[in-house]
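Novice: how does the following fold in three dimensions:
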Amino acid sequence: LLAAAERLLAEKGVERTTITDITSEAGVGFGTFYNYFSSKGEVYQELVRNGLDLLADRIDDRCGRTGDHRERLRIAAEEVAGFAAQRSDLFLLLFTTNSDVHSAVKTGVEGLTRCLAGCLRDGFDKGAYQSVAPSLAVRAMIGIFAFVLRPLASDRRNREAVTASLIRLIQGAIIGAPDR
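Specialist: Got it, this is the predicted structure:
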């Protein structure tokens, strides 16, 4: 049901997709839907939660394999850019005004915030990053990700260039330019 709902999100959007569409796409009976979900909004909440949890897990996993602070910033930017490009419709769903989905987005972004803070904590503790509040730096990163990658989700042609620029931007903002 979740995979079917995500495919339909790409084709029709949240508002135009019906429960009948989802169950037909999934190849199950209409009543089966209600064994798992109480509403269409709940399906999309679950998609958002699962997607952002998976993104946070990927960042945690890759960051856990390196102690290089610059590399950790690169990993975060690459993973978020990859998510925006590979699951573009789900990424764009994060910007919806649909109230059913908004609460899941808020929860998912809070989880991503905790993930990024954990990934970068050591760099802040060791003075490898700018002397700014880590929570502010993480919120700024999420804001940059959201607004820089939103067009990438719709137009993937420049993915590599956008990702490389995003990495330089994030590294420059958090690590800073070397003293001269």
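
Novice: for stretch 130-150, which positions count as buried?
Specialist: Along stretch 130-150, these residues count as buried under the neighbour rule (16 or more other C-beta atoms under 10 Å): 130, 134, 137, 138, 141, 142, 144, 145, 148, 149. All C-beta spots, glycine's among them, are computed from the backbone N, C-alpha and C.

Novice: which of those sits closest to residue 2?
Specialist: residue 149 (22.7 Å; C-beta to C-beta).

Novice: surely the closest one touches residue 81?
Specialist: Yes - counting by C-beta atoms under 8 Å, residue 149 touches residue 81, with 5.9 Å between them.

Novice: and for those two, which residues touch both?
Specialist: Counting by C-beta atoms under 8 Å, 6 or more residues apart in numbering, the residues touching both residue 149 and residue 81 are 162, 166.

Novice: distance check, the closest residue to residue 89 other than its chain neighbours against residue 76.
Specialist: Taking C-beta to C-beta, 6 or more residues apart in numbering, and ignoring the residues beside it in sequence, residue 89 has residue 10 as its nearest neighbour in space, at 4.2 Å. Computed as C-beta to C-beta, to the nearest Å, the residue 10 to residue 76 distance reads 25 Å.

Novice: neighbour count: the two, which is higher?
Specialist: More crowded of residue 10 and residue 76, by other C-beta atoms under 10 Å: residue 76, with 28 against 12.

Novice: residues in contact with the more buried one?
Specialist: Contacts of residue 76 (C-beta under 8 Å, 6+ apart): 59, 63, 116, 119, 120, 141, 170.
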